[in-house]
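Colleague: please work out how this folds:
(4 chains)
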2 protein chains.
Amino acid sequence: MSSNLIHMILSEKTIYPHVSVDCVVLGFDGMHFKVLLLKRTGMEGETRFSDLKLPGRLIYSNEDLDEAAQSVVVELIHSTTIFLHQFRSFGSPGRTSNPRDLHWLENAVKLKIGRIITVGYLALIRIDDKLRFKSDTLQATWVPVREVGKLAFDHNVIIQEAMHEVSRYVTMDPSVVFNLLPKRFTASQMRTLFEELFDQAMDVRNFHKKMSRMNYLVATDEFEHGVAHRAARFYRFDKKIYLKSHGGFNLNSSL
Amino acid sequence: MSSNLIHMILSEKTIYPHVSVDCVVLGFDGMHFKVLLLKRTGMEGETRFSDLKLPGRLIYSNEDLDEAAQSVVVELIHSTTIFLHQFRSFGSPGRTSNPRDLHWLENAVKLKIGRIITVGYLALIRIDDKLRFKSDTLQATWVPVREVGKLAFDHNVIIQEAMHEVSRYVTMDPSVVFNLLPKRFTASQMRTLFEELFDQAMDVRNFHKKMSRMNYLVATDEFEHGVAHRAARFYRFDKKIYLKSHGGFNLNSSL
DNA sequence: ACAAAAGTGTTCCGCATACACCCATGC
DNA sequence: GCATGGGTGTATGCGGAACACTTTTGT
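Modeller: Reported below is the predicted structural model:
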C-alpha cells in the first residue's frame, strides 16, 4: 500500500469520501403524500436530542449501489417488488457540516467521518392493509411530506428533489401512480394524487375522461360502503392490458 | 483517528470507495452527435495499449461534485457558460474489474484503488468556430456517438445513459437544443438534431410549423452561400423572448 | 436541363380546457 | 330534507400526423 495513501488518511485530508445511499420511501394515503422517516437520537453537548432522518446507510465494500438501496428498503418493509430508482447524488462538502449530524454519525458507525456523498433513491410504496413494518424497534413513521420538519443532514433537500422526480416520472408515464394507489381505488383518490403531486386542482369531468381513455384502467363492480354520500366506484390497474399496449417500455420495472 | 479506520484501510477491505466525476461532453456538428473523449495509454502486461475514455477525475477532499465536474470541463474547453447537469451515479463494484483499467488508474493517481463510484455529468457544447480546446496535449477528440468503440471502464454505458438523458431534457424543454446548435442555424440542422436524438425521421412541413410556433425562434435575413441547391435561411434563438414566456422555469441555467 | 435540398398548406383527429347540474347516501 | 361528495356532456382550440409539389441554386 502506498505511503501516500496512509499519509493522506492520517492527515485527515483524505480524498476518500464515504458513500451512502438514502432512500426516499414515498406513500400516498388517499389524501396526502407521506415519506417514511426513522427516529434518530443523539447527544448535542450535554443534552439529548431526537429528530428524524431518511432510511439509509453507508455502502459495504463490495456492494452495488442498487443492492444497497434495495436492502435498506427491504429491511424496513415486507414487500414484493418495489418501484425503486436512483434519482441523484448529493455531494456538497457542507452537507455534513452540522456538528450534531457529524457526532451522531461517527458514534453510529464508529468511524471518523470527513464527508459523505450520498446517492438518493426513490421508492414508491402502496400504503394498504398488507403493509407491515418489519420491526417496531426501527421506529419508522410516515410523515406527510408537507409537514416534514427539519431533518438530519440535507435530507429535506433530498426529499424535495425526490418529489420533483416523482412528478417527472408520472409526467413521462402516468401508470407510475399505480405503485402508490391501493389495488382498488376510487377516481377521486387518483385525482387527489395528481392534484397533490402537481399542486394544482383538476377538473373532475376532464379527469374522468382522461381515466376512461386509459384502457388498462378497468372499472370494477365494487363501491364504497358506509359513506355519507353517493358511493364511489372502485377501479383497478390491469397490468396485462397495460403491457400489451405499452410493449416493454415502462418505468414500473423494479430493479 | 479511530484505529478501526486504519485497520480497515491497511487490510484493504476498506469501505472507503473512491468517488469520481465523469463528464459526457456532447456536441452536434450539424449532422451527428459527438462525444468528447480523451486518449489513454497504458501497459497491459508487456504490451502498450491506447484507447479512449471520458474526461473525469477523482474528486478532491473538500470539493463539491458540481464544482469538480465544472472544472473537468473548463480545463478542456474555453467556454462561457455551459449546460452541465448531473444525471446519475454508477457504482457497480464490477465497473473497475477490468485489470487494464485498474492498472492504468493506480498508475495515474499513484494510489491503491479498490473501487470507484462515479457521478455522471452531462455537458452540452456548441461546436462552432469559437470552440477551442485548451491544450493539444490533452488529446481530446470528438467521436460520433454511434461510432464510439469500446471505452475504458463502463464509459460506454455512461454515454448511453447520457444520451437518454438528453432526450428526456429535450422532451421536457425543447429549447435545450440551442445549447448544441450554432448561434445561427438552418431549419434542417435543427431537424436533423431532433431526428438523431429520437432516432426517427420527422416530416419537414410539420417541423417548420413547429418551429414557427416557437416565438423565441427568430428568422434572420441571412442565407447559406455556395450550396448546390436553394440556400437555407438561418434562424437564431432569442433568449430574452424565451425567458419572458417561460418565466424562470427552464433547464438551461448552468450550474 | 438536371440534380439536390429548401420551403410551403390543408385535412383530420385526439387531447386539453372550460363550464353546471343531477345523483346517491347517511344523518 | 339537507349536506356531502360522486358522477356526467358539450363546445372550442391547439397541436400532432399524414401527405405532394414548387422554388432556388450550382454544375
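
Colleague: for the rest of this, base every contact and every neighbour count on C-alpha atoms.
Modeller: Will do.

Colleague: which bits of chain A sit near DNA strand D?
Modeller: Residues of chain A lying near DNA strand D by CA under 7 Å from any atom of the strand: A:186-188, A:204-206, A:208, A:228-234.

Colleague: give me the buried subset of the residues you listed.
Modeller: Those of the residues of chain A next to DNA strand D that meet the buried threshold are A:186-188, A:233-234, by 16 or more other CA atoms under 10 Å in any protein chain shown.

Colleague: returning to what we had before: keep only those of the residues of chain A next to DNA strand D that are in strands.
Modeller: A:186, A:233-234 (DSSP state E).

Colleague: near DNA strand C, which of the residues of chain A next to DNA strand D show up?
Modeller: Among those, DNA strand C is touched by A:204-206, A:228-231 when using CA under 7 Å from any atom of the strand.

Colleague: mind listing the strands for the stretch 101-250 of chain A?
Modeller: Secondary structure of the stretch 101-250 of chain A (DSSP state E, counting those that start in this stretch): strands at A:116-125, A:140-144, A:185-186, A:217-223, A:233-237.

Colleague: any idea how far A:Gly120 lies from DNA strand C?
Modeller: 30 Å (CA to the nearest atom of the strand, to the nearest Å).

Colleague: does that residue really touch A:Leu84, like I thought?
Modeller: No: with contact defined as CA atoms under 8 Å, A:Gly120 does not count as touching A:Leu84 (10.4 Å).

Colleague: neighbour-wise, which of those two wins?
Modeller: Using other CA atoms under 10 Å in any protein chain shown, the more surrounded residue of A:Gly120 and A:Leu84 is A:Gly120, with 27 against 23.

Colleague: hey, what's the more buried one bridged with?
Modeller: Assessed by DSSP bridges, A:Gly120 has beta-bridge partners A:Asp22, A:Arg88.

Colleague: the strand or helix carrying A:Phe49 vs strand A:140-144, what angle?
Modeller: Assigned by DSSP states H and E, A:Phe49 belongs to strand A:47-53. Strand A:47-53 runs at 70 degrees relative to strand A:140-144, counting by axes from the mean of the first three to the mean of the last three CA atoms, to 10 degrees.

Colleague: rank the strands of the stretch 101-250 of chain A by pLDDT, which is bottom?
Modeller: With a mean of 94, strand A:140-144 has the lowest mean pLDDT of the strands of the stretch 101-250 of chain A.

Colleague: tell me the helices and strands packed up against that strand.
Modeller: On a contact count with 3 or more CA pairs under 8 Å, 6 or more residues apart in numbering or on different chains; DSSP states H and E, strand A:140-144 meets strand A:33-44.

Colleague: where does the prediction get shaky in the stretch 51-200 of chain A?
Modeller: Counting by pLDDT under 70, the stretch 51-200 of chain A contains low-confidence ranges at A:135-138.

Colleague: can you tell me which residues contact A:Ser79?
Modeller: A:Leu131 (CA atoms under 8 Å, 6 or more residues apart in numbering or on different chains).

Colleague: tell me the spacing between it and A:Arg126.
Modeller: Distance from A:Ser79 to A:Arg126, counting by CA to CA, to the nearest Å: 9 Å.

Colleague: what sits against the residue in the stretch 1-150 of chain A positioned nearest to DNA strand C?
Modeller: Per CA to the nearest atom of the strand, A:Gly30 is where the stretch 1-150 of chain A lies closest to DNA strand C, at 19.4 Å. Residues near A:Gly30 by CA under 8 Å, 6+ apart: A:181, A:189-190, A:192-193.

Colleague: just send the residues of chain A next to DNA strand D back as JSON lines, with distance to B:Phe223 too.
Modeller: What follows is these, written out as JSON lines (distance: CA to CA, whole Å):
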{"residue": "A:Thr186", "distance to B:Phe223": "58"}
{"residue": "A:Ala187", "distance to B:Phe223": "55"}
{"residue": "A:Ser188", "distance to B:Phe223": "55"}
{"residue": "A:Val204", "distance to B:Phe223": "51"}
{"residue": "A:Arg205", "distance to B:Phe223": "50"}
{"residue": "A:Asn206", "distance to B:Phe223": "47"}
{"residue": "A:His208", "distance to B:Phe223": "50"}
{"residue": "A:Ala228", "distance to B:Phe223": "70"}
{"residue": "A:His229", "distance to B:Phe223": "67"}
{"residue": "A:Arg230", "distance to B:Phe223": "66"}
{"residue": "A:Ala231", "distance to B:Phe223": "66"}
{"residue": "A:Ala232", "distance to B:Phe223": "62"}
{"residue": "A:Arg233", "distance to B:Phe223": "61"}
{"residue": "A:Phe234", "distance to B:Phe223": "61"}
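
Colleague: farthest pair within these?
Modeller: A:Asn206 and A:Ala228 (24.6 Å; CA to CA).

Colleague: chain B: which of the residues of chain A next to DNA strand D is nearest?
Modeller: Nearest to chain B out of those is A:Asn206 (CA to the nearest CA; 23.0 Å).

Colleague: spatially nearest residue to A:Gln70 (excluding sequence neighbours)?
Modeller: Distance criterion CA to CA, 6 or more residues apart in numbering or on different chains; nearest residue to A:Gln70, sequence neighbours excluded, is A:Leu84 at 7.4 Å.

Colleague: between the ones in strands among the residues of chain A next to DNA strand D, which is nearest DNA strand C?
Modeller: Nearest member of these to DNA strand C, counting by CA to the nearest atom of the strand, is A:Arg233, at 10.2 Å.

Colleague: show me how far stretch A:210-217 is from its chain's centre.
Modeller: Relative to its parent chain, stretch A:210-217 has a centroid offset of 27 Å by CA atoms, centre = their mean, to the nearest Å.

Colleague: other residues contacting stretch A:216-229?
Modeller: Outside of stretch A:216-229, the residues within contact range by CA under 8 Å, 6+ apart are A:211, A:231-242.

Colleague: kindly compare burial across the strands of the stretch 101-250 of chain A and name the winner.
Modeller: strand A:116-125 (a mean of 24; mean count of other CA atoms under 10 Å in any protein chain shown).

Colleague: same for that one, what does it pack against?
Modeller: Contact partners of strand A:116-125 among helices and strands, from 3+ CA pairs under 8 Å, 6+ apart: strand A:18-28, helix A:65-74, strand A:83-90, helix A:155-172.

Colleague: mind putting those in CSV, distance to B:His246 included?
Modeller: Rendered in CSV, the data for the helices and strands packed on strand A:116-125 read as follows (distance: least, CA to CA, whole Å):
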stretch, distance to B:His246
strand A:18-28, 30
helix A:65-74, 36
strand A:83-90, 25
helix A:155-172, 18
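
Colleague: what residues does stretch A:146-155 touch?
Modeller: Here stretch A:146-155 makes contact (CA under 8 Å, 6+ apart) with A:33, A:51-54, A:95-96, A:98, A:101, A:156.

Colleague: adding neighbour count, write the residues you listed out as a markdown table.
Modeller: Output for those, formatted as a markdown table (neighbours: other CA atoms under 10 Å in any protein chain shown):
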| residue | neighbour count |
| --- | --- |
| A:Phe33 | 19 |
| A:Asp51 | 14 |
| A:Leu52 | 21 |
| A:Lys53 | 19 |
| A:Leu54 | 25 |
| A:Arg95 | 18 |
| A:Thr96 | 21 |
| A:Asn98 | 12 |
| A:Asp101 | 19 |
| A:Asn156 | 17 |
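
Colleague: now these in CSV, with distance to DNA strand C?
Modeller: Shown next, in CSV, are the contacts of stretch A:146-155 (distance: CA to the nearest atom of the strand, whole Å):
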residue, distance to DNA strand C
A:Phe33, 22
A:Asp51, 39
A:Leu52, 37
A:Lys53, 36
A:Leu54, 34
A:Arg95, 38
A:Thr96, 41
A:Asn98, 43
A:Asp101, 43
A:Asn156, 30
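
Colleague: just the closest of those residues to chain B, please.
Modeller: Set against chain B, the nearest of these by CA to the nearest CA is A:Arg95 (10.0 Å).

Colleague: confirm that that closest one sits in a helix.
Modeller: Yes: counting by DSSP: H, G, I helix; E, B strand; the rest coil, A:Arg95 falls inside a helix.
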